[in-house]
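> need a structure here:
(one chain, ligands or ions: 4)
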Amino acid sequence: QAKEKGRGRYEIFNQQMHTQALKLLTLETDLRHGIEKEEFEVYYQPIMTLNPIALVGFEALIRWQHPHKGFISPGEFIPVAENTGLIIPIGKIVLEKVCYQLQTWKKNHPHTTVLKVAVNLSSQQFNNPDLVEEIDEILEKTGLNSNNLKIEITETSLIEHSLETIKLLKELKQRNLEICLDDFGTGYSSLSYLHRFPVDTLKIDRSFVNCIGQPDENLEIIQSIIPLAHNLGMTVVAEGIETEEQLIYLQQLHCDFGQGYFFNRPLPPTEAEKLLETN
Ligand code: C2E
Ligand code: MG
Ligand code: MG
Ligand code: MG
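Ligands and ions are numbered 1, 2, ... in the order given. Coordinates of the predicted model:
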């Protein structure tokens, strides 16, 4: 009887694996198609200084409107893009769109102070030996000043290949690009070796910000990260600020920047541009 049950399970497992594999394969085909048909857009989520509250820049977040399946979230398709190498062309599309967009905004709003846009880079993009050259080409083609651009890499990808990554980050820094360590706190990296990486900003992961207002040991982590980052000459962004209580708490801890639904959701370019007019 146990054997019967075992076999039954095996078949279900197998079928689920089959369905899952088929789904991934379809997604991969759809992604290739999406690249060809230019189905990707970039949305912009405002990043604010916390004291006083003012717009300083945006995080660029990719959006995919599938012609039949509707909106597919990056959480779903970015991992597939990473596993299939498609993140390379997709990453290039994002970077190009952002640089052109920034140039347009700077032209339309010459009096806005330095506007920074942070672009997410996957660890697979680091492994691309042409990355720096591609960035150079895009900057040259669009004429954008490199200090308008910030690169976000996750803490995990930093740890994965630390030596090559340090080399790459230094090359980016030589070009005046700022580096932000994304999702900080989720990757088990030791705070004590942070100083080895040429990082300008730590972005505290949303899961920590979420804990504000509850009795939670994660609060101690936020409390210690902020002064530590400052001592290392880094600034701190808190991601996922959703309530006023979270904002006030972070202000009291002297957190420099924040982003989250409390301020704005990621916005389409036209909506984001309206914020430049009022700033
Ligand atoms: P991330 O870089 O950590 O981006 C922040 C995510 O948190 C975004 O999700 C954003 O919409 C969401 N978010 C911001 N504020 C709040 C808030 O107050 N509450 C909640 N619940 N969520 C908030 P999104 O746009 O779905 O992106 C998910 C992830 O996909 C990103 O996480 C990033 O890792 C990846 N991703 C997005 N765009 C790109 C891209 O162009 N290239 C690469 N390589 N990865 C990207
Ligand atoms: Mg990010
Ligand atoms: Mg993040
Ligand atoms: Mg995140």
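
> Can you mark which positions in the helix or strand that contains residue 58 are buried?
Using DSSP states H and E, residue 58 sits in strand 53-66. Residues 55, 56, 57, 58, 59, 60, 61, 62, 64 are the ones in strand 53-66 that count as buried (16 or more other C-beta atoms under 10 Å). Where C-beta positions appear, they are placed from N, C-alpha and C, glycine not excepted.

> Helix, strand, or coil at the closest residue to residue 92 other than its chain neighbours?
Residue nearest to residue 92 in three dimensions, not counting chain neighbours: residue 134, with 6.1 Å by C-beta to C-beta, 6 or more residues apart in numbering. Of the three states, residue 134 takes helix according to DSSP: H, G, I helix; E, B strand; the rest coil.

> Quick one: low-confidence residue ranges for this structure.
Low-confidence segments of the chain (pLDDT under 70): 1-13, 161, 188-190, 192, 279.

> And the spatially most central residue of it, how close does it get to residue 61?
With distances taken as C-alpha atoms, centre = their mean, the residue of the chain nearest its centroid is residue 120 (3.8 Å). Distance from residue 120 to residue 61, counting by C-beta to C-beta, to the nearest Å: 7 Å.

> Compute the number of surrounding residues for the residue lying closest to residue 204 once chain neighbours are set aside.
Using C-beta to C-beta, 6+ apart and skipping residues adjacent in sequence, the residue nearest residue 204 is residue 238, 4.9 Å away. Residue 238 has 29 neighbouring residues, counting by other C-beta atoms under 10 Å.

> Repeat that for residue 113.
8.

> before we move on, what about residue 89?
Neighbour count of residue 89, defined by other C-beta under 10 Å: 14.
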